[in-house]
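Colleague: Quick one: sequence plus predicted model below, questions after.
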Amino acid sequence: MTFESLGLSKPLLRTTAEHQYETPYPIQAEAIPAILAGNDILGIAQTGSGKTASFVLPILELFQRKRVSRLLYLKVLILVPTRELAVQIAEVIGGFAKNLPKAVKHNAVFGGVPLNQQMMTLKDTEILVATPGRLLEMVATKSINLAKIEILVLDEADKMLDLGFRDEITQLLALLPKKRQNILFSATLDTEHEFIQTTLRCNPVRIEVAAKTTNTELIHQSAYRVAPENKGPLLRYLIKSQKMEQVLVFVSSVRTADNLTVKLKKNGIDASAIHSKKSQGARTNAMNGFKKGDIKVLVATDLASRGIDVQLLPIVINFELPRSPKDYIHRIGRTGRAEATGRAISLICPEDEHHFKIIQKKTGQTVEIIESADLVLAGA
Ligand code: AMP
């Protein structure tokens, strides 16, 4: 199977080659031809499956084939749950569109930055990536017109509903033309999903790729048993003694994220926090610094971590355990992506033991537990 055999034309093939995408991932092998054929799509796929390229590539190909209008108005809308995902998808579009003979103007809009600033960049936008709240604000100020949308993508639909965007989505869908192509991606298909399917009123081709659990084979998982007061020193000890250069650390609250970052910095470790209380600018800077390697440690809450996509991220550390087994898989799945191996380390206090057993049972994983009592943490 090659990208060529999926029906993509030369400029896009050149870009996939430049990105070193040799073979299409399963979601791409199925979704690309189906989208090119004009079908509605319901894709059950998680972050890391290659789902972004599975809709961005065929949409750009449809532009090439003039199957979407080339007049300068908005015709593709991509709705996403978070700003991070919006920025990331816009980057993927920019990356893939760069070799096209005729430029496709794309843009991303999301809350947390002044509305006026984003409104000014909208002129002639053909593909818009947006979070639902900000898009509704733009509709209210009449700075955007959704009446000519030809393709609608709902990415991470389950997350959008989890975050309470149900009403916003309903309002936005009512503003779109009835005749359009619908592409929906979700990590899970639960009852909430019925809502979106009914609301979209389409009969989509269903594409399901193996859940992320299969990929955890590429992730070496371990856990350290540690007393609560020693967690900070143990984290610093691990980072320093194992010479970790790029590590994503998960915590469960904004406060812990900030406190931990301060402590790491005080101890000479470049760190930055990413969470919902940070401004968009601060989040983008932290992400960019982390990707470039200027920041060694990115401390994140679960919500902010959605959409963090760092090529070949080697290590994820659970400073605090997530609430659900699903989140555990999602967190550790930030490493071991794109067929590379990775490591996931969890710090377990006595009160976490029971919860960690449940996580292991539910996810079908057995994790090696290491005693930290004998480690010399002083000075870390
Ligand atoms: P996604 O699920 O869209 O977040 O993609 C996960 C990661 O896989 C991203 O870093 C992509 O650049 C990478 N990727 C997507 N498709 C391919 C492919 N066919 N070959 C190699 N890497 C890919």
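Modeller: Received the coordinates, thanks. Numbering: from 1, shown residues only.
Colleague: Could you use CA atoms for every contact and neighbour count after this?
Modeller: Fine.
Colleague: The closest residue to residue 124 other than its chain neighbours sits in which helix or strand?
Modeller: Nearest residue to residue 124 in three dimensions, chain neighbours excluded: residue 72, at 5.1 Å (CA to CA, 6 or more residues apart in numbering). Following DSSP states H and E, one finds residue 72 outside all helices and strands.
Colleague: repeat for residue 259
Modeller: helix 254-266.
Colleague: By mean pLDDT, flag the weakest helix or strand of this structure.
Modeller: Least confident helix or strand of the chain, by mean pLDDT, DSSP states H and E, is helix 191-200 with a mean of 67.
Colleague: what residue ranges in the stretch 251-380 of the chain score low on pLDDT?
Modeller: Within the stretch 251-380 of the chain, the stretches with pLDDT under 70 are 303-309, 311, 336-340.
Colleague: For it, which segments count as strands?
Modeller: 271-274, 297-300, 315-318, 342-348, 368-371 (DSSP state E, counting those that start in this stretch).
Colleague: how about these, which one is nearest the ligand?
Modeller: strand 342-348 (13.8 Å; CA to the nearest ligand atom).
Colleague: and for that closest one, what are the contacting residues?
Modeller: 218-226, 231, 312-321, 332, 335-336, 356 (CA atoms under 8 Å, 6 or more residues apart in numbering).
Colleague: Need the phi and psi values for residue 137.
Modeller: phi -60, psi -40 (degrees, to the nearest 10).
Colleague: how close does it sit to residue 114?
Modeller: Using CA to CA, to the nearest Å, residue 137 is found at 11 Å from residue 114.
Colleague: And these two? Which one has more around it.
Modeller: residue 137 (14 against 9; other CA atoms under 10 Å).
Colleague: Pull the contacting residues for residue 52.
Modeller: 89, 92.
Colleague: and the helix or strand harbouring it with the ligand, contact?
Modeller: Assigned by DSSP H and E, residue 52 falls within helix 51-64. Yes: if you take CA under 6 Å from any ligand atom as the test, helix 51-64 does meet the ligand, through 51-53.
Colleague: Up against the ligand, what does the stretch 1-150 of the chain have?
Modeller: Residues of the stretch 1-150 of the chain lying near the ligand (CA under 6 Å from any ligand atom): 21-25, 47-53.
Colleague: I'd guess residue 222 is in a helix, am I close?
Modeller: No: counting by DSSP: H, G, I helix; E, B strand; the rest coil, one finds residue 222 to be strand, located in no helix.
Colleague: burial count for the residue nearest to residue 148 when sequence neighbours are not counted?
Modeller: Of all residues not flanking residue 148 in the chain, residue 75 sits nearest, at 5.8 Å (CA to CA, 6+ apart). If you count neighbours by other CA under 10 Å, residue 75 ends up with 22.
Colleague: Assess the claim that residue 75 and residue 126 are in contact.
Modeller: Yes: shown here, residue 75 and residue 126 form a contact pair, counting by CA atoms under 8 Å, at 5.6 Å.
Colleague: Number of residues surrounding residue 184?
Modeller: Residue 184, neighbours per other CA under 10 Å, totals 24.
Colleague: So what's the residue count around residue 142?
Modeller: 10.
Colleague: separation between whatever residue of the stretch 51-200 of the chain ends up closest to the ligand and residue 270?
Modeller: Nearest residue of the stretch 51-200 of the chain to the ligand: residue 52, at 3.6 Å (CA to the nearest ligand atom). Separation of residue 52 from residue 270 (CA to CA): 31 Å.
Colleague: Check residue 17 too.
Modeller: 34 Å.
Colleague: So for the two, which sits in the more crowded spot?
Modeller: residue 270 (18 against 12).
Colleague: Need the phi and psi values for that one.
Modeller: phi -70, psi 120.
Colleague: got it, and residue 170?
Modeller: For residue 170, the backbone dihedrals (degrees, to the nearest 10) come out as phi -60, psi -50.
Colleague: which non-adjacent residue is nearest it?
Modeller: Nearest one to residue 170, counting by CA to CA, 6+ apart, is residue 199 at 7.3 Å.
Colleague: Double-check that neighbour against residue 169; I have them as touching.
Modeller: No: counting by CA under 8 Å, residue 199 stays clear of residue 169, with 9.2 Å between them.
Colleague: Look at those two and report which has more neighbours.
Modeller: The residue with more neighbours, out of residue 199 and residue 169, is residue 169; 21 against 13, by other CA under 10 Å.
Colleague: Just list the residues touching that one, thanks.
Modeller: Residue 169 neighbours (CA under 8 Å, 6+ apart): residue 132.
Colleague: quick one: it from residue 130, how far?
Modeller: 12 Å.
Colleague: and if you look at residue 176?
Modeller: 14 Å.
Colleague: The two - which one has more neighbours?
Modeller: Neighbour totals were compared for residue 176 and residue 130, and residue 130 leads with 27 against 18 (other CA under 10 Å).
Colleague: sorry, back to before: for the helix holding residue 259, buried residues please.
Modeller: Buried residues in helix 254-266, counted by 16 or more other CA atoms under 10 Å: 254, 256-258, 260-262, 264.
Colleague: okay if I get the strands of the stretch 251-380 of the chain as a markdown table plus distance to residue 380 and mean neighbour count?
Modeller: Compiled in a markdown table, the strands of the stretch 251-380 of the chain are given as follows (distance: least, CA to CA, whole Å; neighbours: other CA atoms under 10 Å):
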| stretch | distance to residue 380 | mean neighbour count |
| --- | --- | --- |
| strand 271-274 | 15 | 26 |
| strand 297-300 | 15 | 26 |
| strand 315-318 | 17 | 24 |
| strand 342-348 | 16 | 23 |
| strand 368-371 | 17 | 12 |
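Colleague: closest to residue 36 out of those?
Modeller: strand 342-348 (34.5 Å; CA to CA).
Colleague: what lines up beside the closest one in the sheet?
Modeller: Sheet pairing for strand 342-348, assigned by DSSP bridges, gives strand 219-225 (parallel), strand 315-318 (parallel).
Colleague: Distance to the ligand added to these, as CSV?
Modeller: Output for the strands paired with strand 342-348, formatted as CSV (distance: least, CA to the nearest ligand atom, whole Å):
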stretch, distance to the ligand
strand 219-225, 15
strand 315-318, 15
